[in-house]
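Colleague: how would this look folded up:
(one chain, ligands or ions: 1)
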Amino acid sequence: MSYPPLESLPATPSAPRFDFSVLGEKLSAHSSILGLMNDLGRAMTIAPHMKMLGGGNPAAVPELQLLVRARMRELMAEGDAFDRMLANYEPPQGNPRFLRALADLLQRTFGWNVGPQNIAITCGGQSAYFYLFNLLAGRFADGRHRKILLPLAPEYIGYADQGLEEDLFAACRPTITWPQGEDARVFKYAINFAAVEEVLEREDIGAIACSRPSNPTGNVITDAEVTRLSAMATARGIPLILDHAYGAPFPGVIFVPAQPHWASHVILTLSLSKLGLPGTRTGIVIAPESIASAIASLTAIVGLANNTLGQQLMLPWVEDGRILELGPKILRPFYEAKSHAAAQWGQEYFDAAGVNWALHASEGAFFHWLWLRDLRITTRELYERLKAREVLTVPGEYFFYGLAEDWPHRHECLRVNFSGPAQTVRAGLQIIAEEAAKVRR
Ligand SMILES: Cc1ncc(COP(=O)(O)O)c(C=O)c1O
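Modeller: Reported below is the predicted structural model:
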């Protein structure tokens, strides 16, 4: 899958080029996530004039930044711990004290039967997914070719190119529901369980995976949907992977009641990124023991050990449980207010422009999923037009990989990150409305 980059670095004509293996060609090709991260990274560094409504960068949340800075000072004052943090490699599975503290926290808070042996740290959730998907899907020794089932497309763009082998995903179209009636212009995707059953019958599935809250839509699949997926996975003897990068128990950027779910066949992933620490690259996998130790083996091969800064920064807050308060007390109110404000500006501008729009229910994460129902062009084309006006978004097409058939809906959705400064988001939405009005049917 390719994603148009913001700008390409000029190639030096005389620079030597070498042949790459098949795998090398695949992994170094222009992937959608590379394009997205280039857009994001450049807008954050060398192109700050761009209105960044693209990528998934967390906002600068002042209250949290103050806490983290104070904790960093504390860590440095500890001297010895600080020196050890920087001077030593840690076991590939993660810092033993951090693993113990997190297992204890999960046990006493949720009653889950997890110990340190059930947890593995990775270099961000992104690496965790690369490991998990390639462990559980692809070609097997007995000749089977297993896939990852995504029960609800659209799904996170970052998974799309992670398969070392081709054709790693089988995704299902959801049912579109209108919880307050269609006139309210708020829709919600619901898992189409008949479609999930059909894929389970048709394909050899190695795991079921879903982000909750969803990137790109902000959907939170309900507790009942999770329970049903979990039962389907158990019945097939496969894991259910739940990506809580934005969810519970932390960072807790989730606006509706939802219980975190874990069982002996569930792989739950967390990350410190959306808590505000993407620079520490800390992913957390809570999983059956065999999976956690396989992740540690992969970490050793790929990178020896993980970055320990995030674990050391958060350690006392995991030990005393304060990490669970950051979402409800700081992050949720912050992002929920941003979501409401952006929804209001969107409504104002889209209505004024006469655009036929709808918004996915904003139940968590940092994104609005905008459905532009009478677009004459694809959202990839719309993305280009917006970029020309210095507004970066992410076209919806990239999130619909793994579907057996095309679906016109996939050309009508745009992901908009609402977490940036108010004036940026507001100005960006106004330009989106103007451009959408120009190209409506
Ligand atoms: C749903 C989801 N999963 C995983 C990740 C990976 O994040 P990180 O590698 O920073 O933990 C992201 C990042 O945007 C995400 O949105």
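Colleague: what packs against the helix or strand of the chain with the lowest mean pLDDT?
Modeller: Among the helices and strands of the chain, helix 32-44 carries the lowest confidence by mean pLDDT, DSSP states H and E, at a mean of 73. When contacts are defined as 3 or more Cβ pairs under 8 Å, 6 or more residues apart in numbering; DSSP states H and E, helix 32-44 packs onto strand 51-52. To be clear about C-beta, it is placed using only N, CA and C from the backbone, and glycine gets the same treatment.
Colleague: Next SSE downstream of the strand it packs on?
Modeller: helix 62-77 (DSSP states H and E).
Colleague: and the angle for whichever helix or strand comes after that following helix with helix 62-77?
Modeller: Going down the chain from helix 62-77, the next helix or strand is helix 80-87, by DSSP H and E. Taking axes from the mean of the first three to the mean of the last three Cα atoms, to 10 degrees, one finds that helix 80-87 is oriented at 100 degrees with respect to helix 62-77.
Colleague: Off-centre distance for helix 80-87?
Modeller: 31 Å (Cα atoms, centre = their mean, to the nearest Å).
Colleague: other SSEs contacting it?
Modeller: helix 62-77, helix 309-319.
Colleague: Quick one: distance of the helix or strand following the last one to the chain centre.
Modeller: Read in the C-terminal direction, the helix or strand following helix 309-319 is helix 323-326, with elements assigned using DSSP H and E. With Cα atoms, centre = their mean as the basis, the distance from the averaged C-alpha position of helix 323-326 to the chain average is 20 Å.
Colleague: Any buried residues in helix 323-326, and which?
Modeller: 323-324, 326 (16 or more other Cβ atoms under 10 Å).
Colleague: and what of stretch 69-81?
Modeller: Quick answer for stretch 69-81 (16+ other Cβ under 10 Å): 71, 75.
Colleague: now swap in stretch 291-310 and tell me
Modeller: 291-296, 298-299, 305-310.
Colleague: Tabulate those residues in JSON lines, adding columns for distance to K26, pLDDT and secondary structure.
Modeller: Output for the buried residues of stretch 291-310, formatted as JSON lines (distance: Cβ to Cβ, whole Å; pLDDT from 0 to 100; DSSP: H, G, I helix; E, B strand; the rest coil):
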{"residue": "I291", "distance to K26": "24", "pLDDT": "98", "secondary structure": "helix"}
{"residue": "A292", "distance to K26": "27", "pLDDT": "98", "secondary structure": "helix"}
{"residue": "S293", "distance to K26": "27", "pLDDT": "98", "secondary structure": "helix"}
{"residue": "A294", "distance to K26": "22", "pLDDT": "98", "secondary structure": "helix"}
{"residue": "I295", "distance to K26": "22", "pLDDT": "98", "secondary structure": "helix"}
{"residue": "A296", "distance to K26": "25", "pLDDT": "98", "secondary structure": "helix"}
{"residue": "L298", "distance to K26": "18", "pLDDT": "98", "secondary structure": "helix"}
{"residue": "T299", "distance to K26": "22", "pLDDT": "97", "secondary structure": "helix"}
{"residue": "A305", "distance to K26": "27", "pLDDT": "96", "secondary structure": "coil"}
{"residue": "N306", "distance to K26": "25", "pLDDT": "96", "secondary structure": "coil"}
{"residue": "N307", "distance to K26": "26", "pLDDT": "95", "secondary structure": "coil"}
{"residue": "T308", "distance to K26": "31", "pLDDT": "95", "secondary structure": "coil"}
{"residue": "L309", "distance to K26": "31", "pLDDT": "96", "secondary structure": "helix"}
{"residue": "G310", "distance to K26": "30", "pLDDT": "97", "secondary structure": "helix"}
